[in-house]
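Enquirer: Below are the sequence and a predicted model for it; my questions follow.
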Amino acid sequence: MNAPLTTSSFTSQADVPALHFQQASFTHRGHALLVPTTLTLSGCQRTLIMGPNGAGKSLFMRLAHGLLRPSSGHVSWEGAPPVQAMVFQRPVLLRRSVIDNLIYALAVKRVPRRERKALAWQALEKFGLAALAKRPARVLSGGEQQRLTLARAWLLTPSVLFLDEPTSALDPAAIKAVEDAVNEFHQSGTRIVMTTHDLHQAKRLADDVLFMYGGQVLEHTSAERFFDTPTSSQARAFIRGELVW
Amino acid sequence: MSASDNPFYTALALILGMDSDLIDIVVLSLQVSLVAVLIASALALPVGAALALWRFPGRNGLIVVLNALMGLPPVVAGLCVYLLLSRAGPLGSFGLLFTPSAMVIAQVILVFPIIAALTRQQVEALQHEYAEQLRSLGLTQLRMMPTLLWDARFGLLTVILAGFGRASAEVGAVMIVGGNIDGVTRVMTTSIVLETSKGDLPLALGLGIVLLTLVTLINALAHAVSEAAKRRLG
Amino acid sequence: MKTTTTLITASVCTTALAWSASPLADDDFITLASTTSTENSGLFDAIIPTFTEATGIDVRVVAVGTGQAFEIGRRGDADSLLVHDTAGEEQFVADGYATERLDVMYNDFVIVGPSDDPAGISDSESVADAFARIAESGSPFASRGDDSGTNRAELRLWEDAGVTPQGDWYRELGSGMGPTLNTAAGMDAYTFTDRATWVAFDNPQNLTLLFEGDEALFNQYGSLLLSEERHPHLKHDLAAQWHQWLVSEEGQQAIADFEVGGQQLFFPNAK
């Protein structure tokens, strides 16, 4: 009757287009919040963006996702822009039941009405939220809400998933649940771009790392190389746990 | 104060007596105000939401004007509608003057700014919370409107009740455009004015109490519905 | 949520249906612009049913100040006028807004005031004398100040008394007769009113009738037949029936039969 969401619904690993930043910068009221930056995110890795508060990590994400336009330069996808989804630090859910929030996302995607409920239930099962289906989404705990936003993102079958410090407000059990979900996405062929200021989380998840400081991308390298031999002094200080601002 | 002079007794006697004239007046009052609020809401909710979501030149000016019109004196609104609907006026050929329709039109004009201005405020607040996530999901400003309006529904219910309060309480507009015609355009507020001008103050006050009771009941009903919905749905 | 939506839709539809079925759909009525004194006294409640029974025509009364009644007539928003300002009515005909003006009934004006009568007008010889005494004593006087028939009559009488009414004691309210009486009662002031409104008035407090009877207090009511030329859309046939009925034997009798508290308030005097 209804085709279940399988990994083949997602784009295969080779198909995630590359994202190019070409001298992209962002200025607000005269302050350069992101200096002209040129880099490429390609392939299907889990990229973790790290740096102290105010480094510009969230800004970078929003430019990448298309929520903001650069003040100068370009941010563009190679080929057609892929389906993307974003999860925010504080989950944004509508004043409806848990399942209705998912059905809403399917409606936005213009999934035929008959199929919506079944797909929503699948997602609820997958993310362990089935028992909460009829609850008002806003009374869920932080961890449950974040799982719900991930379930919602799942239903969009994104090629790229952006996550902006998704676990900074959660307890350890919830953190683990989110990280597992992120890995699930990744295994289905979704590229992950995620910010964090939790070093251990980065070590657990990152395939490659983008280190930012003061509106500048100081390092863009594989996770191994970053944690073993960081090239910038700020990165070294950060890894030692010294750099907070 | 003798029993017949006590307005509360008068009000009670009015309600229990179920005087057919009074019932007609009450029904007409409710019809006029409820229909006016419905029409005003249908127009003002999308306008308020649009004002919240789109930036355009003159937007701030429009917001200020809308806010100011919340204080439009009913008698001024009534006068303007009278001049429009009078036979000597541009819309005279419709023959709407001195009918309940004219009263509805005048009250729509009074209620529209209240609902639009307060809707804008509510939707704008929600937009700050939701905008990024909704855009991430792929929604355009236009498609955000119904979503935000529905999500703001509890706050908007209060806004609509405020509009209803304004409509059912005003007398200046309906008096001028309705003419307070016995059995045709006489509503609770104009009845109160009439009885006051006849010096029958206890009756006027009694009618006032009946009106207040009615409005309170409607508010209580709306509150109950909203509380039930909140518990069920959040 | 579905039940609530259904409920709301149902009530809206019912209201809309009820509305369309309302008597507004009925065409046999005329709109009569008249004054608050006639309305407040209850005259129309008494005589209109008789007219409707005889002719099947309903009369919808819009009761406003005389000035506003004339304006309504000029704009073509009423089918007929019944007011009490003979000079104004004659001007109205002269200006072409009406084709005919007929005497219908009369009553009189009276002066009411605080029961202790500080200006001592109750034994005045004439209304001019009474007004002069009020002005001299500086007792508070509440005037309608709204350019109504009553107000114009009051101002003419001040002129006859040789007094220019101004000062703290003379309070122009800009109100109809009822509200003016309420305010006068609250201020314990003298005021000039038509007898019909006074007799029907329910909140006299300390006010009592102090002066009456002078010929100059005569108050004539007239009916105006509006011009078909000026406003062709009006219901002239129906309005003509009303106009004729007022001065007919039946109409005049109905007016004479109207009493409040055993008192006849309007006296038919059609020629």
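Expert: Done, it's in. All figures in this text were calculated on a predicted structure; none of them were measured in a lab. Numbering: from 1, shown residues only, chains lettered A, B, ... in the order given.

Enquirer: Where does chain B get nearest to chain C, residue-wise?
Expert: B:S197 (2.6 Å; Cβ to the nearest Cβ). Backbone N, C-alpha and C define where each C-beta goes, glycine included.

Enquirer: Tell me the helix or strand right after the longest helix seen in chain A.
Expert: Assignment by DSSP state H gives helix A:172-187 as the longest helix of chain A. Under the assignment DSSP states H and E, the closest C-terminal helix or strand after helix A:172-187 is strand A:191-196.

Enquirer: following that following strand, which helix or strand shows up next?
Expert: Strand A:191-196 is succeeded, C-terminally, by helix A:199-205 (DSSP H and E).

Enquirer: I'd like the mean pLDDT over that following helix, please.
Expert: Average pLDDT, helix A:199-205: 92.

Enquirer: Just the buried residues of it, please?
Expert: A:Q201, A:A202, A:R204, A:L205 (16 or more other Cβ atoms under 10 Å in any protein chain shown).

Enquirer: Please apply the same query to stretch C:214-231.
Expert: Buried residues in stretch C:214-231 (16+ other Cβ under 10 Å): C:D214, C:L217, C:N219, C:Q220, C:Y221, C:G222, C:S223, C:L224, C:L225, C:L226, C:S227, C:H231.

Enquirer: Adding distance to chain B, write the buried residues of helix A:199-205 out as a markdown table.
Expert: What follows is the buried residues of helix A:199-205, written out as a markdown table (distance: Cβ to the nearest Cβ, whole Å):
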| residue | distance to chain B |
| --- | --- |
| A:Q201 | 22 |
| A:A202 | 23 |
| A:R204 | 25 |
| A:L205 | 21 |
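
Enquirer: Out of those, the closest to B:M18 would be?
Expert: Taking Cβ to Cβ as the measure, B:M18 lies nearest A:Q201 of the buried residues of helix A:199-205, at 72.0 Å.

Enquirer: residues in contact with the closest residue to C:N203 other than its chain neighbours?
Expert: Distances taken as Cβ to Cβ, 6 or more residues apart in numbering or on different chains put B:G199 closest to C:N203, at 3.2 Å, once the chain neighbours are dropped. Neighbouring residues of B:G199 by Cβ atoms under 8 Å, 6 or more residues apart in numbering or on different chains: C:G178, C:L181, C:N182, C:A185, C:F201, C:D202, C:N203, C:P204.

Enquirer: and what of B:P90?
Expert: B:L84.

Enquirer: Tell me if it really is in a helix.
Expert: No. The assignment for B:P90, made by DSSP: H, G, I helix; E, B strand; the rest coil, is coil rather than a helix.

Enquirer: thinking again about what came up before, which one of the buried residues of stretch C:214-231 sits closest to B:H128?
Expert: C:H231 (56.5 Å).

Enquirer: coming back round to it: pretty sure the residue of chain B closest to chain C sits against C:A200.
Expert: No. Using Cβ atoms under 8 Å, B:S197 makes no contact with C:A200, being 10.5 Å away.

Enquirer: which residues do those two both contact?
Expert: C:N40.
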